[in-house]
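Novice: build me a model:
(one chain, ligands or ions: 1)
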Amino acid sequence: MDDLTPKEALDFSELGFDTAAVRAGTLRTEYNEHAEALFLTSSFCFKSAAEAAERFANSEDFFTYSRFTNPTVTMLQDRLAALEGGEACIVTSSGMSAILSIVMSALNAGDHLVSSRSIFGSSLNLFATIFSRFGITTTFVDPNDLDAWRKAVQPNTRLFFLESPSNPLTEVSDIRAIGEIARQVNALYVVDNCFCTPALQRPLEFGADVVVHSATKYIDGQGRVLGGAIVGKRDFVMGKVFPFVRTAGPTLSAFNAWLMLRGLETLSIRMERQSANALKIAQWLETRPCIKRVWYPKLRSHPQHEIAMRQQKLGGALVAFELEGDTPEAQRANAWRVIDQTRLCSITGNLGDTRTTITHPASTTHARVTPEARAAAGVTEGVIRLSVGLEDPQDICDDLARGTA
Ligand SMILES: *Cc1c(COP(=O)(O)O)cnc(C)c1O
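Specialist: As a prediction, the model looks like this:
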């Protein structure tokens, strides 16, 4: 982009992940600042009317207006594309607006998509209740039943949507195997990589066409701002998604992009430490008598442990566990008691933070999902989701010990 120069004329695809995480995409102004600059400006000036005309006509290549492009946002996009191993990236105001933008860019009224039923609650609602009003229909399937994906395909199927690992039960699916089915039927294959991040799993290497993120989670990593990201082939991302985002406006603010650039610098280190802490806590939870079961991909007891070992570098920082109880009411009472007796864990719906958060999905994040869909996804009243942070894991175990004695 004309007046800004890339900080390093390097091909980051040939360098290590950790190098790209701190250096890829950085642009420098004429002042040669070392850290990435924050461009808090809604628009950019032109030297003449003719230059304005030229730049508006080529808004992908020039900075004109921050709904279209902004240097701080561009730096984040280029860095995320490098980290996911994709050709291009567009960031958005939230994870949900990223998913919205993909579907609005790729599908038309009358089209159909097939989605895993084990996805983030708002993603499920977006597909089931909002897109259906605009003539885009969805079939939800058990993500680990490959036949179900095949059987769900209709002549108008244009998109497959998967989240792995899923929220809140860390259900892991074979990204490559589902991708082969998507390819056979010419469907755009979208994978939500929110929980692993490219530090632990790169879905494009397993056949995904598009990776989507809630950057609100581990990419920022410190529970500060909302954001989303879409990574994939240049044709789709710049040819389809960019015109949609530019026109409809679910743009990421420069300030949020700047914070996320800071977050990415520690992504690998955080994911490694938080995964190690999560494994310790998951192993400890398995020893607690009042806990019926624990879901964590790196535990041998996890139903898709083998797949997780194959496609994830580490287990990630989400742990789910289910309290005993004879009735749903008893299960809820037990789960709420565990939550209410914590003093350290934050009772909040967010995840991916450096601070451990504790959530009761059935009454919060998944409360708007129908009871049938919740049951199908295994989110009972006894389930608690823990997003493990950077605290000393023993302190978190001690915090959970009061309610699980
Ligand atoms: C949080 C989340 C989203 C939605 O992201 P927002 O930034 O909250 O809009 C989508 N997918 C997954 C897996 C999430 O955890």
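Novice: so where do the strands sit in this structure?
Specialist: For the chain, the strands defined by DSSP state E cover 5-6, 27-28, 88-92, 112-116, 137-141, 157-163, 188-192, 210-214, 228-232, 291-295, 318-323, 346-347, 357-359, 383-387.
Novice: skipping its backbone neighbours, what lies nearest the residue of the stretch 151-300 of the chain at minimum distance from the ligand in space?
Specialist: When scored by C-beta to the nearest ligand atom, the stretch 151-300 of the chain has S214 as its residue closest to the ligand, at 3.0 Å. From N, CA and C alone the C-beta is placed, and that goes for glycine too. Residue nearest to S214 in three dimensions, not counting chain neighbours: G95, with 2.5 Å by C-beta to C-beta, 6 or more residues apart in numbering.
Novice: how close does that neighbour get to G135?
Specialist: Look at G95 and G135: by C-beta to C-beta, to the nearest Å, they are 24 Å apart.
Novice: what about the two, which has more around it?
Specialist: A count of neighbours by other C-beta atoms under 10 Å puts G95 above the other of G95 and G135, at 24 against 12.
Novice: residue contacts, that one?
Specialist: Listed by C-beta atoms under 8 Å, 6 or more residues apart in numbering, the contact set of G95 reads F120, C194, V212, H213, S214, A215, T216, K217, L226, G227, G228.
Novice: find me the pLDDT at it, would you?
Specialist: Model confidence at G95, given as pLDDT, is 98.
Novice: likewise for S13?
Specialist: 85.
Novice: for it, what are its contacts?
Specialist: By C-beta under 8 Å, 6+ apart, S13 lies in contact with A82, G85.
Novice: near the ligand, which residues of the stretch 201-350 of the chain show up?
Specialist: Contact residues (C-beta under 6 Å from any ligand atom) of the stretch 201-350 of the chain with the ligand: S214, T216, K217, L226, G228.
Novice: which of those residues has the largest number of neighbours?
Specialist: When neighbours are taken as other C-beta under 10 Å, the top entry among these is S214 (29 neighbours).
Novice: residues contacting it?
Specialist: By C-beta under 8 Å, 6+ apart, the contact list for S214 reads S94, G95, M96, A98, F120, D192, C194, G227, G228, G352.
Novice: TSV for the strands of the chain, including distance to L38?
Specialist: Converted to TSV, the strands of the chain look like this (distance: least, C-beta to C-beta, whole Å):
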stretch	distance to L38
strand 5-6	18
strand 27-28	12
strand 88-92	15
strand 112-116	37
strand 137-141	39
strand 157-163	32
strand 188-192	28
strand 210-214	21
strand 228-232	18
strand 291-295	40
strand 318-323	31
strand 346-347	28
strand 357-359	28
strand 383-387	28
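Novice: okay if I get those strands as JSON lines plus mean pLDDT?
Specialist: Conversion of the strands of the chain to JSON lines gives the following (pLDDT from 0 to 100):
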{"stretch": "strand 5-6", "mean pLDDT": "69"}
{"stretch": "strand 27-28", "mean pLDDT": "92"}
{"stretch": "strand 88-92", "mean pLDDT": "98"}
{"stretch": "strand 112-116", "mean pLDDT": "98"}
{"stretch": "strand 137-141", "mean pLDDT": "97"}
{"stretch": "strand 157-163", "mean pLDDT": "98"}
{"stretch": "strand 188-192", "mean pLDDT": "98"}
{"stretch": "strand 210-214", "mean pLDDT": "98"}
{"stretch": "strand 228-232", "mean pLDDT": "98"}
{"stretch": "strand 291-295", "mean pLDDT": "96"}
{"stretch": "strand 318-323", "mean pLDDT": "97"}
{"stretch": "strand 346-347", "mean pLDDT": "97"}
{"stretch": "strand 357-359", "mean pLDDT": "97"}
{"stretch": "strand 383-387", "mean pLDDT": "97"}
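Novice: of the ones you listed, which is nearest T404?
Specialist: For the strands of the chain, proximity to T404 was assessed by C-beta to C-beta; strand 291-295 is nearest, at 6.1 Å.
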